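*Asks:* can you look at this prediction? I've put the sequence above it.
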Amino acid sequence: MTAPPVSAESAVTAPLLRIEDLEVVYYTDAGPLPALSDVSFEVGRGEIVGVVGESGCGKSTLGAALLRLLPPNGALAGGHVFVEGRDVAGLSRGELRSLRGRTVSMVFQDPLTSLNPTFTIGQQMIAAQRAHARDHESKSELRRRAAEALTRVGIPDAAQRIDSHPHEFSGGMRQRVMIAIALLHEPSLLIADEITSALDVTLEAQILKLLAEINETHGTAILLISHNLGVIAEICRRVVVMYAGRTVEEGDVLSIFDDPLHPYTRALLAAVPSRERRGALLAAIPGRVPSLLAMPPGCKFADRCGHVREVCREREPGFLARGERRVRCFIYDEELAPADRPVTTAGTVTP
Amino acid sequence: MADIRTVPGRGPVVTALVQVGRVLREVARRPGGLFGLIVVVGLFVVVVAAPLVAPYSATQQDIANRLAGPSLHHLLGTDQLGRDLLSRVIYGARIAMAVAVPAVLLAMAVGLVVGLIAGYFGGGTDQVAIVGMDAVQAFPAVILALALLAVLGPSLRNVVIVIAVALAPGYARVVRAMTLAAKQNQYIEAELSLGVSAARLTTYHLLPNIAPPLFILMAMDMPSAIAIEAGLSFLGLGVPPPSPSWGALLADGFTYVLISPWAILAASLALILVTVGFTMLGEALRDVLDPKLSGVRGVNRLMPRAR
Amino acid sequence: MTTPERDARTTPERDVLLRVRDLRTYFSDHRGVVARLTRRRVGQVQAVDGVSFDVVRGETLGLVGESGSGKSTLARTILGLTPATAGSAALDGRELLSLRGRQWRPVRRRMQMIFQDPHSSLSPRFRVSFLLQEPYVVHRVPAAERSTVDELLAMVGLSDEQADKYPHELSGGQARRVSIARALALHPELLLADEPTAGLDVSAAASVLNLMKDLARRLGLTYVLITHDLNVVGYFADRIAVMYVGQLVELGPAEVILSRPKHPYTHALLACAPVPDPHLNQGHLDNVLGGEIPSPHDPPSGCRFHPRCPFADARCSDEVPELEELGGGEAVACHHWRHIEFDDAAPVAQGQAT
């Protein structure tokens, strides 16, 4: 039922990352939790793709699943993740290690807990380099590269700072260090999971600028996971919107923000406060995200959607193509009789 | 028309009792905890019903049968004066509990007050309290007990006091640390901004959150208290004879061990059983209440679930 | 909603609910007993360093700043949770900073705070019903004057079912509303809200903001909204005060601050803030402000912003700029504001309106 994934460079080059019908389940005391279902999209070489959604939508699970970094009770229950054409699930332990940190790197939200407080930055960066078959290189060479990497991310006096411990850096600097480590092996893809959520606005802007620069100079593709629509709008070229473990909309950033198709995307955009909205009420979305333990059949947004119809409660819409974009909503399902389809007046938002 | 919900919630006492029930149920589910509970409950039953359980009185002598081994009449044998060892052990349990329970409770009470004051007020008060705790803890418990008893004179009451003094700083430290940690919680600030008094803040919002680890400590300290008492009695400085304190039994048995080891065996068995029982209970409590998380979140796991 | 023309200093007394003058809150750096004994220079954290502003009855003042700006400390000082080092804060003419112990009680009924983390600001062992009635118990409010639990819940848009729940059973949005209900139980006049949308999803945040706006209108509340999120102040605040490392750098009506900021830091903040509109972001990242936020332990000399300011000169590192009145209720603390022209105007409202 899912349309073939549309990628910006489909017929020409194989995409760097291709996620196909991905399904992830967490096994808990309360039963299996379907954290991700039917997730499919691609990231091409050198692209910056944003994954946006609120808490519980599965975006962090997605990030972890790509590198098989799920917690012990999580499992890839279906679908595939292809990195440079190779199925991640089929990789041996050694191949997986080679993938992580080398082809695909990840940076997380809290740099303080990602770095070992008892070792200096330099020691950790050298260890990170050694992890990928550079043990034949001399320590001074590795140090030099580390200092270089730090300078590239904008850390002043890198040659001295390299001997500092993580707690001696400020939050913004630490995040840069994390990015530097992630870039040590010049990965093709960088996964950034809420990396600026804990940072102040001015620092956040610096980090985003850094990411944009890295993308431009090194051609590193970036998968930017965030709940912040502003951050997504800042540097992403394409956007994937997630809800209740599913992708609900995908498209280029301008289209998504100018002309959101899915009712959830619209509602989300209508709920963000801004100075343009002074004096008006924000369009808050009624209801709550359905519990993963008790998901209704049919469309997961049905209970909160202003356009809901019978068909929406019966079965789930597929991720349908609409030009270059994709959306999971019966409004756009041409196979349905118009009488059965939900309707929406273009341009208005019905929360 | 009275709205039943305008009555302020349930209050701390009822909430606490309900949670105690839940905790005990959880503890009983674990093998170690179950064993501990059985031992502890059994111990208290024996203590309370001693005259019913013990076949003889603790002092009834039967010289003809002195230093005898186990037999139908004397399940654990007799001591040097022909007194039934089983009965002496049972009555000895009374002494052990009569000393340990008040001592631990007193230690907890004193430690709680000192720790709360030190943690809540901080600053100079805190410094003074710490110095005090350090001073007391610098002495090994038995030495401290000996010194104090030499001054106060040996008696049941004094033994209790002395042991309490030795154990109190342990509680004070834990309470102080937990108070300091609990103070950081934002809800404390929120309550303060509401205008609550220090008394209400402490009883309602601090105490319930620092209480759980205290119960664990108490369970784990019981063996210490019992052991200290036994040690003192062994040295002849505990509760005066002819009280069948386990330590006294050990002391007597020690003299005659080459002829009849049963006295020592009896008393040792009792001590070991009780120590292991309380310790296992304490450990099970700790596992259930999970002090890796703060005391608050640990007990939250036992709170009613939304679904 | 027009803001009356007024000068920050000469606002008529009866209109001002909260008047803060030259407030300072310093913390001494705990260096240990030995250092103090040997009189080594004990550092001082100047968390709030000479802040002055007025809050007019019925308005919403947005207090904006990043970490280390001192905005949270300022709120706590006004509430009496942190002792002030110097200066004054007066609620409806009554000086707060000299109050001791019991004297705070009546004041607390008039001034409440909503704390940052929705869950940890609610005492975890008590049900919502208890927490909502506690203000009445603490202040011994006679039964006739108390609102019922159901009334309070309804005021914040929650159903009766929530009354029996414990804080950890509530969602972030629900917990936040319970905090608001609790704060409103005593019918305060002034509400300080510390990051009211922090930790909430976009939709939950939106409903909380809607609620706060509605309550302001219905109950005539005055808000001091403390946040780093410019979108929130842009949406909500009547006036905005910008803080940087313990000092007030700019103050004025919201529309003016947002469209024509005078202080370089304010401008940088506005320029940096990511806006959910990809059109406005083109070229956005070219103007990113460099440098780190200085630590309040060791602030730069003179104007605290000078190390990062593209317009700074020698005077800026020597002399602390005074907060200068500009008329129209605006004030700036910058030596050069008159001569500065920002080459891109701060993003003006151009995006799609609902």
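*Replies:* The structure has been received and is ready for your questions. Residues are numbered from 1 along each chain as shown, chains lettered A, B, ... in the order given.
*Asks:* quick check: phi and psi at C:Gly327.
*Replies:* phi 80, psi 160 (degrees, to the nearest 10).
*Asks:* near it, how many other residues are there?
*Replies:* For C:Gly327, the neighbour count with other Cβ atoms under 10 Å in any protein chain shown is 10. All C-beta spots, glycine's among them, are computed from the backbone N, C-alpha and C.
*Asks:* now it: how far from C:Gly252?
*Replies:* 10 Å (Cβ to Cβ, to the nearest Å).
*Asks:* now swap in A:Leu254 and tell me
*Replies:* 34 Å.
*Asks:* between these two, which is the more surrounded one?
*Replies:* Neighbours were counted for A:Leu254 and for C:Gly252 using other Cβ under 10 Å; C:Gly252 has more, 25 against 14.
*Asks:* doesn't the more buried one fall inside a strand?
*Replies:* Yes: C:Gly252: assigned to a strand according to DSSP: H, G, I helix; E, B strand; the rest coil.
*Asks:* quick check: bridge partners of it?
*Replies:* C:Ile240 (DSSP bridges).
*Asks:* quick check: A:Ile285 touching C:Ser203?
*Replies:* Yes: at 4.1 Å, A:Ile285 and C:Ser203 qualify as touching, with contact defined as Cβ atoms under 8 Å.
*Asks:* give me the common contacts of these two.
*Replies:* Taking Cβ atoms under 8 Å, 6 or more residues apart in numbering or on different chains as the criterion, A:Ile285 and C:Ser203 both touch A:Ala267, A:Leu268, A:Ala271.
*Asks:* quick one: low-confidence residue ranges for the stretch 1-150 of chain C.
*Replies:* C:1-14, C:29-43 (pLDDT under 70).
*Asks:* tell me which residue in it sits closest to chain B.
*Replies:* Nearest to chain B in the stretch 1-150 of chain C, going by Cβ to the nearest Cβ, is C:Phe130, at a distance of 2.7 Å.
*Asks:* and what of the stretch 151-300 of chain C?
*Replies:* For the stretch 151-300 of chain C, Cβ to the nearest Cβ, closest residue to chain B: C:Glu169, 4.5 Å.
*Asks:* next, count neighbours for that residue.
*Replies:* 18.
*Asks:* distance check, A:Glu204 against chain B.
*Replies:* 24 Å (Cβ to the nearest Cβ, to the nearest Å).
*Asks:* so how far is the stretch of helix or strand A:Ala182 belongs to off the chain centroid?
*Replies:* Assigned by DSSP states H and E, A:Ala182 belongs to helix A:171-183. Taking Cα atoms, centre = their mean, to the nearest Å, one finds helix A:171-183 lying 18 Å from the centre of the chain it belongs to.
*Asks:* next, the buried residues of it.
*Replies:* A:171-183 (16 or more other Cβ atoms under 10 Å in any protein chain shown).
*Asks:* by mean pLDDT, point me to the weakest helix or strand of the chain.
*Replies:* By default, I'm working from chain A. Using mean pLDDT, DSSP states H and E, the weakest-scoring helix or strand in chain A turns out to be helix A:111-114, at a mean of 79.
*Asks:* CA-only coordinates of that one, as PDB, when you get a sec.
*Replies:* Taking C-alpha atoms only, helix A:111-114 is exported to PDB below (Å, rounded to 0.1, in the frame of the first residue of the first chain):
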ATOM      1  CA  PRO A 111      27.200  16.000  25.500                       C
ATOM      2  CA  LEU A 112      27.900  15.800  29.200                       C
ATOM      3  CA  THR A 113      26.800  12.200  29.400                       C
ATOM      4  CA  SER A 114      28.200  11.200  26.000                       C
END
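*Asks:* how distant is it from the center of its chain?
*Replies:* On Cα atoms, centre = their mean, the centre of helix A:111-114 falls 19 Å from that of its chain.
*Asks:* same check on stretch C:292-312?
*Replies:* 21 Å.
*Asks:* which SS class is the residue lying closest to C:Asp229 once chain neighbours are set aside?
*Replies:* Nearest non-adjacent residue to C:Asp229, counting by Cβ to Cβ, 6 or more residues apart in numbering or on different chains: C:Thr197, 6.6 Å away. Per three-state DSSP, the secondary structure class of C:Thr197 is coil.
*Asks:* next up, the contacts around C:Thr197.
*Replies:* Applying Cβ under 8 Å, 6+ apart, the residues contacting C:Thr197 are A:Pro273, C:Ala205, C:Val208, C:Leu209, C:Thr227, C:Asp229, C:Val232.
*Asks:* strands along the chain, start to end?
*Replies:* I'll assume chain A. A:17-28, A:31-43, A:48-52, A:74-83, A:86-87, A:104-107, A:189-193, A:221-226, A:238-243, A:246-252, A:320-322, A:325-327 (DSSP state E).
*Asks:* wait, chain C was what I had in mind.
*Replies:* Assigned strands in chain C, in chain order: C:16-28, C:44-56, C:60-64, C:86-91, C:94-95, C:111-114, C:190-194, C:222-227, C:239-244, C:247-253, C:324-327, C:330-332 (criterion: DSSP E).
*Asks:* burial of residue 265, as a residue count?
*Replies:* Going with chain A. 24.
*Asks:* try chain C instead
*Replies:* 25.
*Asks:* quick one: which helix or strand includes the residue positioned nearest the centre of chain B?
*Replies:* Nearest to the mean C-alpha position of chain B, by Cα atoms, centre = their mean, lies B:Met222 at 3.4 Å. B:Met222 is part of helix B:207-234, with elements assigned from DSSP H and E.
*Asks:* after that helix, next one along is what?
*Replies:* Following helix B:207-234 toward the C-terminus (DSSP H and E): helix B:246-255.
*Asks:* so who does the residue of the stretch 1-150 of chain A found nearest chain B touch?
*Replies:* Residue of the stretch 1-150 of chain A nearest chain B, by Cβ to the nearest Cβ: A:Ala30 (8.3 Å). If you count contacts by Cβ under 8 Å, 6+ apart, A:Ala30 has them with A:Leu293.
*Asks:* how close does it sit to A:Gly74?
*Replies:* From A:Ala30 to A:Gly74 the distance is 15 Å (Cβ to Cβ).
*Asks:* check the gap between C:Leu209 and C:Ala175 for me.
*Replies:* C:Leu209 sits 16 Å away from C:Ala175, going by Cβ to Cβ.
*Asks:* nope, B:Ala284 is what I was after
*Replies:* For B:Ala284, the distance to C:Ala175 - Cβ to Cβ - is 33 Å.
*Asks:* just the helices from the chain, written as ranges.
*Replies:* Using chain A. Assigned by DSSP state H, chain A shows helices spanning A:59-66, A:93-99, A:111-114, A:121-130, A:139-152, A:158-161, A:171-183, A:201-218, A:229-235, A:253-258, A:263-270, A:310-314.
*Asks:* oops, wrong one, chain C.
*Replies:* C:33-37, C:71-79, C:104-108, C:128-138, C:149-155, C:172-184, C:202-219, C:230-236, C:254-259, C:264-272, C:314-318.
*Asks:* cool, the stretch 101-250 of chain B as well?
*Replies:* For the stretch 101-250 of chain B, the helices defined by DSSP state H, counting those that start in this stretch occupy B:123-137, B:141-152, B:156-183, B:186-194, B:198-200, B:207-234, B:246-255.
*Asks:* now the helix holding A:Ala182: mean pLDDT?
*Replies:* Helix A:171-183 carries an average pLDDT of 87.
*Asks:* near chain C, anything from that helix?
*Replies:* Yes: using Cβ under 8 Å from any Cβ of the partner chain, helix A:171-183 reaches chain C at A:Gly171, A:Gly172, A:Met173.
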